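Asker: Fold the following for me, if possible:
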Amino acid sequence: MPAEHTHPEFVYRLATAEEWAAAVKSGVAPTRDIDERDGYFHLSTRAQTLETARLYFADAEELLALEIPLHEIAAATKFELAPKRGEEFPHLYGALTVTQVSRAIRLLRTADGFVFGEAL
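Answerer: Below you'll find the model as predicted:
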């Protein structure tokens, strides 16, 4: 019998500290042009988050990983292949509110990317 595909407990949304501060005021998580174009929120698993940060947020100041319990958004989330990376990524087809984020974790810059830091 084939093994069942298991999903992680948490998924992550990258945001700058400035974007997160604005989101806390508005109640809605920040979107980007790519989300608008593709029609979903781009998310990552914890294992994918640091590479996503390195590839797409190299110049970001005060980068955060917004941790979201998958059960909060599971009904509107699909794991789909991202051909450029050759992996399945979580895509949220719906709204993401600040109340669905369990915590914001600092990503600390290293010589070759990022590492997870402390939660805010």
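
Asker: From here on, just use CA atoms for contacts and neighbour counts.
Answerer: Will do.

Asker: where does this structure dip in pLDDT?
Answerer: Within the chain, the stretches with pLDDT under 70 are 1-5.

Asker: Start from the N-terminal end of it and give the helices.
Answerer: 17-26, 33-38, 46-56, 70-73 (DSSP state H).

Asker: So the spatially most central residue of the chain versus residue 111, what's the distance?
Answerer: Note on the chain: the residue nearest the mean C-alpha position is residue 13, at 1.9 Å, using Cα atoms, centre = their mean. Distance of residue 13 to residue 111, computed by Cα to Cα, to the nearest Å: 22 Å.

Asker: same question, residue 14
Answerer: In terms of Cα to Cα, residue 14 sits 19 Å off from residue 111.

Asker: the more surrounded of these two?
Answerer: residue 14 (26 against 5; other Cα atoms under 10 Å).

Asker: Apart from its neighbours in sequence, what residue is nearest that one?
Answerer: residue 65 (4.7 Å; Cα to Cα, 6 or more residues apart in numbering).

Asker: ok, what's across the strand from the one you found?
Answerer: residue 14, residue 105 (DSSP bridges).

Asker: Now do the same contact list for it.
Answerer: Shown in contact with residue 65 (Cα atoms under 8 Å, 6 or more residues apart in numbering): 12-15, 49, 104-107.

Asker: Pull the most distant pair out of these.
Answerer: Within the contacts of residue 65, two members stand farthest from each other by Cα to Cα: 49 and 104, at 13.0 Å.

Asker: any idea what sits nearest residue 57, other than its immediate chain neighbours?
Answerer: residue 63 is the one closest to residue 57 (Cα to Cα, 6+ apart), at 7.9 Å.

Asker: Quick check: the gap between the one you found and residue 119.
Answerer: From residue 63 to residue 119 the distance is 12 Å (Cα to Cα).

Asker: which residues do the two both contact?
Answerer: In contact with both residue 63 and residue 119: residue 106, using Cα under 8 Å, 6+ apart.

Asker: can you pull the buried residues of stretch 95-103?
Answerer: For stretch 95-103, burial by neighbour count (16 or more other Cα atoms under 10 Å) applies to 96, 98, 100-101, 103.
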